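[1] This is the structure alone, sequence omitted:
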């Protein structure tokens, strides 16, 4: 039998439900989490570095739930289980989500699920891809999204609104249009980059120069790959620019505001909010373009 770590009766507030009032007002959500893992090494060493840091994990769960907006408790339970499995030492996670008082005459209504690392591996990779263009940007962003949608190796799940932003670094050039997409694929990050994203860039006339801030027809970058932390050639994932620039963080937050950054523990909504607040009067430098339809 695998060892177990129990997080009991975690009472939080979040949005989950199909009714209009449930989507407008946070309600009580009760979580019970069981983590299955081999704790033998920590038991021998008595060293915290050998143990699952359930305090940090719980903080991430709290952030996600409190920033969430789900229709189904099943989806919320699945997201919590996935978040637990981002710690490689967790072999499986059992999650029970209850909504106290949701059903008349019942103390609570809930769902309990169990997910293993094998279950997670069987799911398609969920990848956030950022897009940017300042050469004929409307045409090129629409074309890039269309090519992602048509590609056999990926499934286009969602597209953010476009945002017009001032250029960074080399300022003597046209404003950029930036957006983000969520795709699902069985491909690795490396294969996705080389077999899908780079060919789309080449088709749309991307020319790379020594100036990484130069004007471009299109730029497609993997910003987030599941909840993984990895290095892809010279690029780090999660993309460090998520924590630096609103034109990267804001479109991602539009798609998944409650997504937990795997290195900082912040939600994308929190990251975007903080970056916009730090800009102060300069926040006018990014403008959401609801008049443009990308996908």
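    Noted; the coordinates are in hand. The model shown is predicted, which means the values in this text are computed figures rather than measured ones.

[2] can you map out the helices along the chain?
    Along the chain, counting by DSSP state H, helices occupy 20-24, 40-45, 54-66, 73-84, 117-122, 137-150, 189-192, 198-203, 246-255, 268-279.

[3] export these to CSV and tack on mean pLDDT?
    Formatted as CSV, those follow (pLDDT from 0 to 100):
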stretch, mean pLDDT
helix 20-24, 79
helix 40-45, 93
helix 54-66, 87
helix 73-84, 90
helix 117-122, 82
helix 137-150, 94
helix 189-192, 93
helix 198-203, 93
helix 246-255, 94
helix 268-279, 89
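
[4] right, so of those, which gets closest to residue 180?
    Of all those, it is helix 246-255 that lies closest to residue 180, at 3.8 Å by Cβ to Cβ. The way it works is simple: take the backbone N, C-alpha and C, and place the C-beta from them, glycine included.

[5] neighbouring contacts of the closest one?
    Helix 246-255 has contacts (Cβ atoms under 8 Å, 6 or more residues apart in numbering) with 128, 130, 132, 158, 160-163, 165, 168, 176, 178-182, 223-224, 239, 241-243, 259, 267-269, 271-273, 275-276, 279, 283, 286.

[6] Type out the ChimeraX command that picks the buried ones from those.
    Buried members of the contacts of helix 246-255, defined by 16 or more other Cβ atoms under 10 Å, are picked up in ChimeraX with:
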select :128,130,132,160,161,162,163,165,176,178,179,180,181,182,223,224,239,242,243,259,267,268,269,271,272,273,275,276,286
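
[7] you'd agree residue 85 is up against residue 117?
    Yes - Residue 85 lies in contact with residue 117 (Cβ atoms under 8 Å); the separation is 5.9 Å.

[8] Between those two, which contacts overlap?
    Common neighbours of residue 85 and residue 117 (Cβ under 8 Å, 6+ apart) are residue 92.

[9] Tell me which of the two has more neighbours.
    residue 85 (21 against 14; other Cβ atoms under 10 Å).

[10] Quickly note the distance from the closest residue to that one other than its chain neighbours to residue 114.
    Excluding the flanking residues, the one nearest residue 85 by Cβ to Cβ, 6 or more residues apart in numbering is residue 120, at 5.2 Å. For residue 120, the distance to residue 114 equals 12 Å [Cβ to Cβ, to the nearest Å].

[11] Same drill for those two, tell me which one is more crowded.
    Taking other Cβ under 10 Å, residue 120 and residue 114 do not tie; residue 120 has more neighbours (17 against 14).

[12] Quick one: end-to-end length of stretch 275-292, please.
    For stretch 275-292, the first-to-last residue distance is 24 Å (Cα to Cα, to the nearest Å).

[13] Flag every buried residue along it.
    Buried, per 16+ other Cβ under 10 Å, within stretch 275-292: 275-276, 286, 289, 292.

[14] next one: stretch 246-263
    Under 16+ other Cβ under 10 Å, the buried positions of stretch 246-263 are 246-262.

[15] right, so of the helices of the chain, which gets closest to residue 96?
    Per Cβ to Cβ, nearest to residue 96 of the helices of the chain: helix 73-84, 7.5 Å.

[16] what packs against that closest one?
    Where contact means 3 or more Cβ pairs under 8 Å, 6 or more residues apart in numbering; DSSP states H and E, helix 73-84 is packed against strand 3-16, strand 27-37, helix 54-66, strand 92-100, strand 108-116.
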